[in-house]
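K.L.:
Okay, structure incoming, though there's no sequence with it:
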């Protein structure tokens, strides 16, 4: 029997057709569904019969795993109870999106999702001591996955060795007689597979380059912290130097090792022309704290810096306003460095005024240190 074709808008959510197919999936149906990359083929991992049927359709060996597909980011935790810092960064910046993450989960017998999986489903997910998880950036897909209310495993909707389909018609002509439903929302947005990244401790490796290339993945893996003042010669260089030192001690490494660990601390001036050194007294108050900012070179606030940053802290409210005038990523944190006061500019003042400024910045940074995920 040919699969039933369900046509919906890519932006449809909680549509009756989606709810009906999600219910059928929970009851054991095999469903082809759209994502932003390619069409997937899903089964309920709680049903051993559905998992075996999915393997038969795919022509996939019993030792080959399937990827967990989730409709919301918080649905990852039952499958991966412990996340590394780099895993948190990838999730925060890359999901929902065309990114499959492979997490080490060993041992896996006690994961919270275990009681809800069939033995076939468990083996299909954790057979290699790891789990691959995908959270597509597709409204109708997310609605379908979440509405099923069962653990969903999936792969691309093609037989092994064939090209992954980017239109529903390709599925009907190849495996349409072996599955139950095809949800059609038109051609996929990217027309190519997701990028697959395997996480290992504090590092990662790219298993397959898909929609996102190596440069994009490197940017997602990093955490960038930006401090902003007016001229980038006094307050923000002090904050940059002190915070870099605090982060290195928190992580347990040398300051010079931070970039290799994907942690970048920077500063800029909202009214800076760039090219200037840190002021003499700024260098001195940092030196007294064991921090060397003598090599600092000022630079102006730019769209490129703002777009790359995950956390941006201004010395005053006016700096926060200047930052907010740039286009911002939704996940970027923008805030004054101190919650209950402003850090005034000591430029032109005596050394004592710089000391007072450094103490205020140091106090504010200690509080911010606990809020920055590295």
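P.N.:
Looks like it came in fine. Predicted model only: the values in this text are computed from it and were never measured. Numbering: from 1, shown residues only.

K.L.:
Which other helices and strands does whatever helix or strand residue 91 lives in contact?
P.N.:
Assigned by DSSP states H and E, residue 91 belongs to helix 85-94. Counting contacts by 3 or more CB pairs under 8 Å, 6 or more residues apart in numbering; DSSP states H and E, helix 85-94 packs against strand 99-104, strand 195-200, strand 203-208, helix 214-221. (Glycine included, C-beta is placed from N, CA and C.)

K.L.:
how about JSON lines for the ones you listed, with mean pLDDT and distance to residue 157 added?
P.N.:
Below are the helices and strands packed on helix 85-94 laid out as JSON lines (pLDDT from 0 to 100; distance: least, CB to CB, whole Å):
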{"stretch": "strand 99-104", "mean pLDDT": "97", "distance to residue 157": "15"}
{"stretch": "strand 195-200", "mean pLDDT": "96", "distance to residue 157": "17"}
{"stretch": "strand 203-208", "mean pLDDT": "94", "distance to residue 157": "17"}
{"stretch": "helix 214-221", "mean pLDDT": "91", "distance to residue 157": "25"}
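
K.L.:
could I get those as JSON lines with mean neighbour count?
P.N.:
Converted to JSON lines, the helices and strands packed on helix 85-94 look like this (neighbours: other CB atoms under 10 Å):
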{"stretch": "strand 99-104", "mean neighbour count": "22"}
{"stretch": "strand 195-200", "mean neighbour count": "20"}
{"stretch": "strand 203-208", "mean neighbour count": "14"}
{"stretch": "helix 214-221", "mean neighbour count": "15"}
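
K.L.:
nearest to residue 163, of those?
P.N.:
Closest to residue 163 of these, according to CB to CB: strand 203-208, at 14.4 Å.

K.L.:
Please enumerate the helices of the chain.
P.N.:
Taking DSSP state H to define them, one finds helices in the chain at 16-26, 48-58, 85-94, 119-126, 139-148, 168-174, 214-221, 235-251, 280-287, 303-308, 317-324, 351-369.

K.L.:
got the angle for the fifth one vs helix 16-26?
P.N.:
By that I understand helix 139-148. Angle between the axes of helix 139-148 and helix 16-26 is 50 degrees (criterion: axes from the mean of the first three to the mean of the last three CA atoms, to 10 degrees).

K.L.:
Hmm, residue 344 is touching residue 357, no?
P.N.:
Yes - proximity of residue 344 to residue 357 meets the contact threshold set by CB atoms under 8 Å, at 7.2 Å.

K.L.:
Looking at these two, which has the bigger crowd around it?
P.N.:
Applying other CB atoms under 10 Å to residue 344 and residue 357 shows that residue 357 carries more neighbours, namely 24 against 14.
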